[in-house]
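Participant: From the sequence below, what's the structure:
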Amino acid sequence: MAMPEPSSAGVSRPARFLTLSLGHELGILLSLSVMFPFMIHVIPVPENAQLGPRLLPMFYAPLLATLWGRPRSALVVALLAPWLNWALISHPSPPGAIVMMVQLLGFVYVLRALLTGMGVHWFLAVPAYFSGLAASVLATGIFPALIGGREALAWAARSVAIGLPGIVILLLLNWLVLRYYPPGTGGGGPIAA
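Facilitator: Okay, the predicted model is just below:
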């Protein structure tokens, strides 16, 4: 439910979800969520090397939005980024986009909960990533067709083994944001919501 915001005449009107500043913010974050994977897929690599699952570029924009206290934007990016990437660059496939969406939503939700409960720390991206992975394991355990009928825990173990460089990048991004552009007025970053 939208909270009323006062107007100049003293009459309150319902707050809009999509304000101009939120629209700009979402535009930038959604552009980043497409640009990061696109740049990763453009890098020339041998045929069998998949850099997307190794470097986890889909997590960068939601991580930034959540760390800077933009939970609504982070949730919208988590919902839309897999589908925008599928529409523009055909990665991930539709079943993979569902799994990625579940994983990103779990990532954003847990990262936001950790920020609220523990405060801002340099390592929060890692437990949030594993929580998102746990959410996707639950989804793929219920619907194994999403991962080609494979066993969900074996799929998750392989995802972690392949994605170790990406987990390190998420940790590095988490640290860099908090070091050089932390949320709140003291650090110059966006004020936490």
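Participant: can you give me the helices for the protein?
Facilitator: In the chain, the segments counted as helices under DSSP state H are 20-42, 51-55, 60-67, 71-89, 94-118, 125-142, 152-180.
Participant: And the fourth one, what's buried?
Facilitator: When you say that, I think you mean helix 71-89. By 16 or more other Cβ atoms under 10 Å, the buried positions in helix 71-89 come out as 71, 73-78, 80-82, 84-86. Every C-beta, even on glycine, is put in place using the N, C-alpha and C of the backbone.
Participant: which strands and helices sit next to that helix?
Facilitator: Packing partners of helix 71-89 (3 or more Cβ pairs under 8 Å, 6 or more residues apart in numbering; DSSP states H and E): helix 20-42, helix 60-67, helix 94-118.
Participant: looking at those helices, which has the lowest confidence?
Facilitator: The minimum mean pLDDT among the helices and strands packed on helix 71-89 belongs to helix 20-42 (a mean of 81).
Participant: got the CA coordinates for it in PDB?
Facilitator: Written as PDB, here are the backbone C-alpha positions of helix 20-42 (Å, rounded to 0.1, in the frame of the first residue of the first chain):
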ATOM      1  CA  LEU A  20      11.500  10.000 -12.100                       C
ATOM      2  CA  SER A  21      14.600   9.400  -9.900                       C
ATOM      3  CA  LEU A  22      13.600   5.800  -9.400                       C
ATOM      4  CA  GLY A  23      13.100   5.400 -13.100                       C
ATOM      5  CA  HIS A  24      16.600   6.800 -13.800                       C
ATOM      6  CA  GLU A  25      18.000   4.500 -11.100                       C
ATOM      7  CA  LEU A  26      16.300   1.500 -12.500                       C
ATOM      8  CA  GLY A  27      17.400   2.400 -16.000                       C
ATOM      9  CA  ILE A  28      21.000   2.600 -15.000                       C
ATOM     10  CA  LEU A  29      20.900  -0.600 -12.900                       C
ATOM     11  CA  LEU A  30      19.100  -2.600 -15.600                       C
ATOM     12  CA  SER A  31      21.600  -1.300 -18.200                       C
ATOM     13  CA  LEU A  32      24.500  -2.400 -16.000                       C
ATOM     14  CA  SER A  33      22.800  -5.800 -15.400                       C
ATOM     15  CA  VAL A  34      22.800  -6.300 -19.200                       C
ATOM     16  CA  MET A  35      26.100  -4.700 -19.900                       C
ATOM     17  CA  PHE A  36      28.200  -6.700 -17.400                       C
ATOM     18  CA  PRO A  37      27.100 -10.100 -18.800                       C
ATOM     19  CA  PHE A  38      27.400  -8.800 -22.400                       C
ATOM     20  CA  MET A  39      31.000  -7.700 -21.800                       C
ATOM     21  CA  ILE A  40      31.800 -11.100 -20.200                       C
ATOM     22  CA  HIS A  41      30.300 -13.000 -23.200                       C
ATOM     23  CA  VAL A  42      32.300 -10.800 -25.700                       C
END
